[in-house]
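Asks: let's see this in three dimensions:
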Amino acid sequence: MTTFDAHHGDTDPASARRDALVGRLFQAILGFFDVFGVYLGDRLGLYRALAEAGSATSSELAARTSTDERYIREWLEQQAASGIIEVIDIGAVAEVRCYTLPAGHDEVLLDRESLSYMTGLARLAVGAAAPFQALIAAYRTGAGVPYATYGADVRDGIAELNRPMFINLLGSEWLPAIPEIHLHLVTRSIVSTMAGAS
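Replies: Sure thing, here's the model as predicted:
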């Protein structure tokens, strides 16, 4: 019997709100573990190795990335259970089971210039959790948590999250939405081009 089954049939509003919150937090916690799995896949180069060299068993992926096979097998199984990667031969025994990165997922996990890229956000989330004990202390004392305490993952995660938007939207949507500035920049660009051509 699951937590959800234990309360099946309750119809009062408080029970419905309780069950909705249980479901929401359960899904959030599963997502929390997905974020850490994505972080590991990025930092260890696991997604990149699957994308560049194709499907792999846990031993093959461990060899490609200089990592431990047993840990990689656990990561692959979690990623497959979450639907982030796929199992090619689900009936095979664990040691020879083959995994692949589905088409489309490579853009989300690897293409740093795509608006669909989400790995930077995962890195930001993991970095934000790193100084949590200092944050708890700050709530008790009123002291701050210096930005530097959050480390490179937060800074790099913010940069990776913003990069696709600046590359794809700055010139095509953001600046044109401010007509005076856009006109000024376009005019300067034309004048500069004409001066260079003469």
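Asks: got the residue ranges for the strands in the chain?
Replies: Assignment of strands within the chain using DSSP state E yields the ranges 86-87, 99-100.
Asks: which elements pack onto the last one?
Replies: When you say that, I think you mean strand 99-100. In terms of contacts (3 or more CB pairs under 8 Å, 6 or more residues apart in numbering; DSSP states H and E), strand 99-100 is packed against helix 69-81, strand 86-87. For glycine as for every other residue, the C-beta is placed from the backbone atoms N, C-alpha and C.
Asks: in TSV, list the strands of the chain along with mean neighbour count and distance to L169.
Replies: TSV is the format used below for the strands of the chain (neighbours: other CB atoms under 10 Å; distance: least, CB to CB, whole Å):
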stretch	mean neighbour count	distance to L169
strand 86-87	16	32
strand 99-100	20	32
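Asks: which of the ones you listed sits closest to A80?
Replies: strand 86-87 (4.9 Å; CB to CB).
Asks: pLDDT of that closest one, averaged?
Replies: The average pLDDT for strand 86-87 rounds to 96.
Asks: tell me which helix or strand of the protein sits lowest on mean pLDDT?
Replies: The least trusted helix or strand in the chain, going by mean pLDDT, DSSP states H and E, turns out to be helix 3-6, with a mean of 54.
Asks: remind me, longest helix of the protein?
Replies: helix 13-43 (DSSP state H).
Asks: circling back: just name the most buried of the helices and strands packed on strand 99-100.
Replies: Of the helices and strands packed on strand 99-100, the one with the most neighbours on average (mean count of other CB atoms under 10 Å) is helix 69-81, at a mean of 18.
Asks: mind listing residues that contact that one?
Replies: Helix 69-81 is contacted from outside by 33, 37, 40-41, 46, 58-59, 61-62, 65, 85-87, 94-95, 97, 99, using CB atoms under 8 Å, 6 or more residues apart in numbering.
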